[in-house]
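Enquirer: Output the structure for:
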Amino acid sequence: MKASSTITLSLVLCGALVFGVLPASADMVDDWFGGKIPAAEPKITYTGEPIQLKFSHPNPPASLVPPIWRNGMNWLQQATKGKLTLKEFGAGTLHGPRDGFKAVRSNISDYATCFTASEARGFPLSKVFELPFVTPSNPLAGVRITSELAPKYFKPEYDKQGIHFGYQVIVGAADIMSKKPIRKLEDMKGLKAIVQGFEPEVADALGAVIVNVPFPDIYTSLQQGVVDAVLWVDPGFVPYKIYELAKFHTTLGLSAQKIDTCINPKSFAALPKDLKQTFYDYQQRMAFAIAKRIGVDFRKDAQKTYEQNKVEMIKLPPEEIARWKATLKPLVDKWATRHEADGPTRALLADIERLSAKYNGMSDEQLFKLIVEEPVKGIIDF
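Expert: You can find the predicted model right below:
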């Protein structure tokens with residue numbers, strides 16, 4: 001897949017697209033941040049000097065993600081009694097959205113957002129969730145699934161690049177907002193659409209006419225009739241107020257939008273054993289916190305916005321979704337064949353399907369309990 005198209009939404013997630021205030025909530029994530037989950041609190045024996053790692057990302061202060069990161073960083077400091085802290089370098093002060101891997105490899109940063117979609121080579125299996133209808137329907141289950149897949153499929157790609165896998169967190173999957181209702185596959189034919197966050201060949205296969213429009217012009221393009229629809233995610237639809245013009249929202253869950261992180265191996269190796277374990281476990285919990293706040297809480301808040309603005313929420317029946325999947329399956333098969341020399345692509349797809357069936361139906365509390373009490377091992381060797 002081409003990096004130029006799949007990186008698009010990742011870059012916007014790092015920018016003003018996800019500005020605003022997250023809905024208030026009191027749940028297991030708040031309990032973790034507040035140090036109220038005994039099983040999540042590490043036993044720190046290290047008595048040396050405090051260690052500080054640089055954490056870098058391109059998100060501006062107004063975006064939704066940094067406050068979640070900061071809550072996690074506060075927990076890390078408190079839980080380790082100040083022995084391990086992260087110093088945040090946001091808003092692109094150390095690197096831009098496309099340069100996280102480079103910054104970590106070159107020791108500019110210890111820990112950073114590293115978007116695999118921005119890498120033209122080296123991460124074919126790590127990009128699997130960019131494929132249509134491969135993304136788990138439950139973002140919180142997605143945290144567990146990406147963690148379990150990492151040792152076998154993703155870790156080798158990161159290791160070859162001289163970096164450690166941190167986490168992959170799925171924060172959304174593409175739906176469509178349109179001026180006319182999309183109730184069946186045929187409704188896509190000839191539809192002039194802006195496509196954000198995944199390969200244009202997906203829209204091509206659906207019969208849509210792709211219109212390339214810069215982010216600042218999406219609203220006016222709808223307003224002026226240049227396009228009829230936008231394929232995107234709620235953290236794009238809501239801040240850009242697409243609901244004011246496109247009054248039909250069809251839930252598809254096409255291709256994932258995710259946030260990736262990577263870790264500098266030298267920085268990790270220099271940590272004492274107890275801090276290594278704490279920082280390792282922190283990755284999976286942090287991924288869950290982001291998925292909960294953006295993939296679940298924000299989505300619920302978005303539903304209220306749609307209701308207030310009289311947007312019709314369309315959920316396709318199973319037999320219709322099956323038609324869409326059948327139409328797009330050749331693209332998935334093509335990907336598997338194209339990259340089978342890079343790794344076991346078909347085994348990866350089968351494992352995603354198997355783990356999705358296992359975890360999609362679990363409650364938020366069950367999934368977080370699993371992540372806290374049974375974190376996936378082997379993502380980083382130590």
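Enquirer: residue contacts, residue 263?
Expert: For residue 263, the contact set (C-beta atoms under 8 Å, 6 or more residues apart in numbering) comprises 104, 110, 111, 163, 164, 165, 166, 380. For every residue, glycine as well, the C-beta is placed using N, CA and C.
Enquirer: The last one: what's it in contact with?
Expert: Yep, that's residue 380 we're talking about. Residue 380 touches 155, 164, 165, 263, 268, 280, counting by C-beta under 8 Å, 6+ apart.
Enquirer: Tell me the one of these nearest residue 87?
Expert: Lowest distance from residue 87 to those (C-beta to C-beta) belongs to residue 263, with 14.9 Å.
Enquirer: Not counting sequence-adjacent ones, nearest residue to the closest one?
Expert: Leaving out its chain neighbours, the residue that sits closest to residue 263 by C-beta to C-beta, 6 or more residues apart in numbering is residue 164, at 4.0 Å.
Enquirer: wait, doesn't that neighbour sit right on residue 154?
Expert: No: using C-beta atoms under 8 Å, residue 164 makes no contact with residue 154, being 10.7 Å away.
Enquirer: Just the C-alpha atoms of the helix or strand hosting residue 193, please, in CSV.
Expert: Remark: residue 193 resides in strand 192-195, with elements defined by DSSP states H and E. Extracted in CSV, the C-alpha atoms of strand 192-195 (Å, rounded to 0.1, in the frame of the first residue of the first chain):
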residue,chain,number,x,y,z
LYS,A,192,-18.3,11.6,-5.6
ALA,A,193,-16.4,11.0,-2.4
ILE,A,194,-13.5,12.3,-0.4
VAL,A,195,-11.5,9.3,0.9
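Enquirer: packing partners for that strand?
Expert: Here strand 192-195 touches helix 200-206, strand 209-210, strand 229-232, going by 3 or more C-beta pairs under 8 Å, 6 or more residues apart in numbering; DSSP states H and E.
Enquirer: average pLDDT across that strand?
Expert: Mean pLDDT, strand 192-195: 93.
Enquirer: Then stretch 131-140?
Expert: Mean predicted confidence for stretch 131-140 is 96.
Enquirer: Can you give me the distance of residue 211 to residue 341?
Expert: As judged by C-beta to C-beta, to the nearest Å, residue 211 and residue 341 stand 35 Å apart.
Enquirer: neighbour count winner among the two?
Expert: residue 211 (16 against 8; other C-beta atoms under 10 Å).
Enquirer: I'd guessed the more buried one sits against residue 227; true?
Expert: Yes: counting by C-beta under 8 Å, residue 227 is a contact partner of residue 211 at 5.0 Å.
Enquirer: Which residues are in contact with each of those two?
Expert: Residues within reach of residue 211 and of residue 227 at once, by C-beta under 8 Å, 6+ apart, are 192, 193, 194, 221.
Enquirer: residues in contact with the third one?
Expert: Residues in contact with residue 194, defined by C-beta under 8 Å, 6+ apart, are 210, 211, 212, 213, 218, 221, 227, 229, 230, 231, 232.
Enquirer: And for the last one?
Expert: Contacts were defined as C-beta under 8 Å, 6+ apart; by that measure residue 221 touches 194, 211, 213, 227.
Enquirer: ok, now how distant is the first one from residue 222?
Expert: Same thing as residue 194. In terms of C-beta to C-beta, residue 194 sits 8 Å off from residue 222.
Enquirer: ok, now the third one?
Expert: For residue 213, the distance to residue 222 equals 9 Å [C-beta to C-beta].
Enquirer: With residue 229 instead?
Expert: Distance from residue 229 to residue 222, counting by C-beta to C-beta: 8 Å.
Enquirer: Same question for residue 50.
Expert: Separation of residue 50 from residue 222 (C-beta to C-beta): 51 Å.
Enquirer: Settle it for me: which of these two has more neighbours?
Expert: residue 222 (25 against 12).
Enquirer: Okay, now the unreliable bits of this structure?
Expert: 1-25, 197 (pLDDT under 70).
Enquirer: Strands of that one, start to end?
Expert: With DSSP state E as the criterion, the chain has strands at 51-56, 84-89, 111-113, 164-173, 175-178, 192-195, 209-210, 229-232, 248-251, 256-263, 312-315.
Enquirer: Nearest approach to residue 332 belongs to which of the ones you listed?
Expert: strand 256-263 (13.3 Å).
Enquirer: Just want the angle from that closest one to strand 164-173.
Expert: Angle, strand 256-263 to strand 164-173, by axes from the mean of the first three to the mean of the last three C-alpha atoms, to 10 degrees: 160 degrees.
Enquirer: list the buried ones in strand 256-263?
Expert: By neighbour count with 16 or more other C-beta atoms under 10 Å, strand 256-263 contains the buried residues 256, 257, 258, 259, 260, 261, 262, 263.
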